[in-house]
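Enquirer: Structure of the sequence below:
(one chain, ligands or ions: 1)
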Amino acid sequence: MPFNLGDTFPDFACETDEGPITSIHEWMEDKWLLLFSHPADFTPVCTTELAMISKAGPHFAHLGVKLMALSVDGAASHADWKKDIQAVANIPSIPFPIIADEKRDLAVLLGMMDPEERDAQGMAVTCRAVFLVDHEKKVKFVMLYPATTGRSIEELYRVTASIRLTSQHPLATPMNWTPYGDKVMVQPTLPLDEAKKRYPSITVKEVPSGKQYIRMVDMPEEYVLKNKVSADVCNGKCPKKG
Ligand code: BEZ
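Expert: Model prediction:
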């Protein structure tokens, strides 16, 4: 794993289906970045993942997170493939560029290669990597899945929302937390009297030790999602070409 949490995410130039980018740091502006790789264009799992994350695009934008995909196919292939993804998602456009890393320079730099997976020419391809990078270009979250296991876009949103929320509030999200209005926890470092002033909804769970460390509060309203992140994609009814 080439990155630890808190490491600076490298700046790089890249080719995409939407044209060249000379600096990924500049492209991010003052936003966060969710970069996700996939093994190859025109493959079934990748298509459903990118369709779903495209549909969830406005939710990520609401969090101030820009999306970017990457694979080792070329920019023209990405542009063609996007038409399939649009049809599967039933949306008019895909709200992010796809990096064309044909020489695998970025995949190697970012530790995204999967030696177990090969393309038709026998060349190793990218795994399903995800990086969340904050506005100061620090790595906040890393995930590596093999090609044969599609990612949960619900989970990617959940983790991203948790990290955004807890970067702005002295809160933490408990096990199985979802962003649909579930209670969240006060971080252990915030003294109880301050927590009570800051969060009037606070409740403290009684435990045998008598220590008052399980402190639940309402989710900050700006992070509460009303609609599910993952709507159906395709559902057997992709619009026909033409
Ligand atoms: C897919 O995206 O469907 C896929 C890609 C590589 C290996 C297995 C599945």
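Enquirer: show me where the protein has strands.
Expert: 32-37, 65-71, 98-100, 113-118, 124-126, 128-133, 139-145, 171-172, 184-186, 203-204, 215-217 (DSSP state E).
Enquirer: Of all the ones you listed, which one comes closest to the ligand?
Expert: strand 113-118 (5.6 Å; CB to the nearest ligand atom). Every residue, glycine included, has its C-beta placed from N, CA and C.
Enquirer: Buried ones in that closest one, by neighbour count?
Expert: Using 16 or more other CB atoms under 10 Å as the test for burial, strand 113-118 gives 113-114, 117.
Enquirer: Neighbouring strands - and their directions - for it?
Expert: Here strand 113-118 has these sheet partners by DSSP bridges: strand 124-126 (antiparallel).
Enquirer: Low-confidence bits of this protein, can you list those?
Expert: Scanning the chain for pLDDT under 70 picks out 1, 232-242.
Enquirer: which bits of it sit near the ligand?
Expert: Residues of the chain that fall close to the ligand, judged by CB under 6 Å from any ligand atom: 39-40, 43-46, 117, 147-148.
Enquirer: Whichever of the residues you listed count as buried, I'd like them selected in PyMOL; how would that read?
Expert: To isolate the buried ones among the residues of the chain next to the ligand in PyMOL, judged by 16+ other CB under 10 Å, type:
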select buried, resi 39+40+43+45+46+117+147
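Enquirer: Which members of the residues of the chain next to the ligand are the farthest-apart pair?
Expert: Spatial extent of the residues of the chain next to the ligand (CB to CB) is set by the pair 44 and 117 at 14.2 Å.
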